[in-house]
Structure formats: C-alpha cells, structure tokens
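Engineer: Provided below are the primary sequence and the corresponding predicted coordinates.
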Amino acid sequence: MRLFFLAAAALLSPLTPAPARAQPAGPASRPVLREPAPPETARPDSFDDDNDDFRRALLDPSRSDRWLVPTSLGGVLLVVQKGYIDDIRLDSLASDLQEAVAKIPALTGREPRVRKRFTVYVYNDGPPSAANIPGAQPGEKGLMLAFVKEGEDPLFHELTHLLAGRGGSTSLNEGVAEWVQDRLRPGRANAFVPAGADPDALCKAALAKWPSAFRSTIGAPGDWFKGPRRAIVFDYYYCSWSFVGSLLRRKDMKALWRVIDAGGAPKAYRSAYDATYDRLFADWVDGLNRPKP
Ligand SMILES: [Zn+2]
C-alpha cells in the first residue's frame with residue numbers, strides 16, 4: 001500500500017521532550033496549517049461540465065467541513081466531505097497545498113495565474129481530479145482532488161494547471177503538470193500513474209502499441225488522439241510527460257513555456273529550440289530506444 005503521510009506529526013509535536021517548566025509553543029512559533037473557515041453561503045459560478053451538480057451538493061454545509069489554509073496567494077478554501085479523512089491526513093494535505101503554492105511558481109518560472117483564494121474539493125466517491133473549475137464564490141477558481149485518502153492525489157499536477165496556466169496543446173499541458181508532480185513527489189503514485197512509473201519505458205511500449213496517428217499528437221497542438229479513450233489516455237499522458245522531460249533536458253523551463261504558450265505551434269519550437277519539432281521528436285524517440293546506462 002502506498003499510504004503517504006508527510007511529517008505532519010513532527011509539526012504538531014516537539015521532537016524532543018519538553019523540559020517541565022517550558023511554556024507550550026505559541027501559535028507564532030509553528031506554521032498554521034489550517035483553521036476552521038467561517039460560515040459562508042457558497043455561490044459557485046455555473047460551469048458546463050458533468051460535475052457542476054456534484055460540486056454544489058458537496059458545498060452544502062451538511063455534506064462537508066470547510067477549512068482555510070493560509071498561503072501567500074490569499075489562502076485555500078478546503079471543502080472536505082464529512083468523515084472522509086482524519087486530522088493527520090488533513091494536516092498533511094494542508095501542508096502539501098502550502099508547499100505547492102510556494103514551490104510551483106519557482107519551479108515553472110511562472111507568475112501565479114491565480115492570486116486570490118481558490119477552492120479545493122476533497123471527496124470519497126466522485127469524479128476524477130480536475131483544475132480550473134469554479135470555486136465557492138463568484139469569480140473564484142477551484143480544483144477537484146480525488147484519491148486524497150489513499151495518498152495518491154495528483155495535487156501538484158492539478159496545481160500546476162491552476163497556477164502556471166496552460167496553452168492550446170493538451171499534451172504539453174499534461175506533460176509539464178506530470179513532470180512537476182514527479183519532481184516534487186518522485187516515484188509516488190498519483191491518479192492513474194503507478195508508483196515508480198518510468199515515463200520513458202511506458203511511452204516506448206505505447207508508441208509500439210498505437211497507430212502512428214497517436215504519436216503525431218504528442219507535443220502537438222490540440223487534443224489527444226481519439227482512440228479507445230481509457231486505454232489510450234494513460235499512454236498519452238506517459239508519452240507527453242516523457243516528451244516534456246526530453247525538452248527540459250535540452251533547455252530550461254523558459255524555452256518550454258514559450259512553446260506551451262504558443263500551443264505547441266511548430267514555429268514556436270523552432271524559435272525556442274533552434275530545431276524543428278520533427279527533429280526534436282526524432283531525437284526524443286532515438287533516446288527512448290537507446291539502452292539506459
Ligand atoms: Zn492534468
């Protein structure tokens with residue numbers, strides 16, 4: 001089992017026994033992970049996806065508990081299905097959120113696209129994780145986070161979408177999000193990515209499995225290859241992650257985001273990497289086929 005707990009317990013209690021006369025540590029001496037959110041009536045924006053009703057139902061105070069997690073970007077409103085996770089898991093989730101808000105802008109080199117409070121929905125049985133959906137109040141952003149209890153939530157992946165933004169290439173958007181997730185939690189399972197996943201090996205197998213139309217979607221403008229969705233979408237993510245990794249070994253984040261912002265347009269590859277998309281793609285595939293040292 002891949003249960004994953006941060007050292008939340010260490011934050012809650014001193015590592016060494018306190019001397020008898022020591023005063024308990026004051027609130028200023030330890031980070032505040034979360035506090036109960038004052039009651040508010042949720043008025044989420046309407047959104048045209050299949051999960052609008054699910055989110056509205058979860059926002060009902062009889063269905064969820066609400067916490068505020070302080071961050072440098074106006075905080076996070078955590079909406080957690082009643083009884084779903086215990087206090088230790090809640091604390092480690094709050095700590096992960098604070099870490100994501102602090103680290104993702106630096107890691108991606110992007111000014112945060114969201115600079116005020118956003119909502120994170122946490123639930124047991126429900127839709128897959130998603131970013132850029134409505135938060136609790138008009139104009140607020142939100143994201144849905146599945147598999148929190150199992151410690152397999154794609155928190156850093158989804159927050160990369162939310163904080164760093166995205167362009168017109170689904171492949172590049174997903175590739176960089178998974179790259180960040182793996183950089184901040186190396187080898188940890190998340191969503192449908194198994195623990196210890198090697199994107200290069202998984203992608204090499206995928207390229208041999210699917211028709212050539214599949215490979216032409218990797219790093220390219222637009223959406224994924226329209227095949228048998230569930231089967232192909234995992235491979236699409238692995239290959240996108242692997243391809244983005246190859247671009248980041250060649251040049252830095254700045255070059256990568258020039259291409260993401262241009263939606264994977266061939267012209268953008270040429271100006272950011274001084275090489276054509278076809279050349280970069282062929283070099284990447286060569287690398288996949290070379291035996292690893
Ligand atoms: Zn994603």
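Structural biologist: Good, I have the coordinates.

Engineer: Only C-alpha atoms from now on, for both contacts and neighbour counts.
Structural biologist: Noted.

Engineer: Helix or strand: which one has residue 79?
Structural biologist: With the criterion set as DSSP states H and E, the secondary-structure element containing residue 79 is strand 76-81.

Engineer: Show me what that strand is packed up against.
Structural biologist: Strand 76-81 makes packing contacts with strand 64-69, strand 118-122 when contacts are defined by 3 or more CA pairs under 8 Å, 6 or more residues apart in numbering; DSSP states H and E.

Engineer: Mind putting those into a markdown table with mean pLDDT and distance to residue 273?
Structural biologist: Formatted as a markdown table, the entries for the helices and strands packed on strand 76-81 read as follows, by pLDDT from 0 to 100; distance: least, CA to CA, whole Å:
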| stretch | mean pLDDT | distance to residue 273 |
| --- | --- | --- |
| strand 64-69 | 98 | 40 |
| strand 118-122 | 98 | 35 |
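
Engineer: so which of the ones you listed is the most packed in?
Structural biologist: Burial of the helices and strands packed on strand 76-81 is given as mean neighbour count (mean count of other CA atoms under 10 Å); strand 118-122 ranks first at a mean of 25.

Engineer: Just give me how far that strand sits from the chain centre.
Structural biologist: With CA atoms, centre = their mean, to the nearest Å as the basis, the distance from the averaged C-alpha position of strand 118-122 to the chain average is 13 Å.

Engineer: Compute the inter-axis angle for whichever helix or strand comes after that strand and strand 118-122.
Structural biologist: Reading on from strand 118-122 to the C-terminus, the next helix or strand found by DSSP H and E is strand 130-134. An angle of 120 degrees separates the directions of strand 130-134 and strand 118-122 when computed by axes from the mean of the first three to the mean of the last three CA atoms, to 10 degrees.

Engineer: Dump strand 130-134 to PDB, keeping only the CA atoms.
Structural biologist: Extracted C-alpha coordinates of strand 130-134, given in PDB (Å, rounded to 0.1, in the frame of the first residue of the first chain):
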ATOM      1  CA  ALA A 130      -9.700  18.500 -12.400                       C
ATOM      2  CA  ALA A 131      -8.300  22.000 -12.300                       C
ATOM      3  CA  ASN A 132      -9.800  25.300 -13.400                       C
ATOM      4  CA  ILE A 133     -13.400  24.700 -12.300                       C
ATOM      5  CA  PRO A 134     -15.500  27.100 -10.200                       C
END
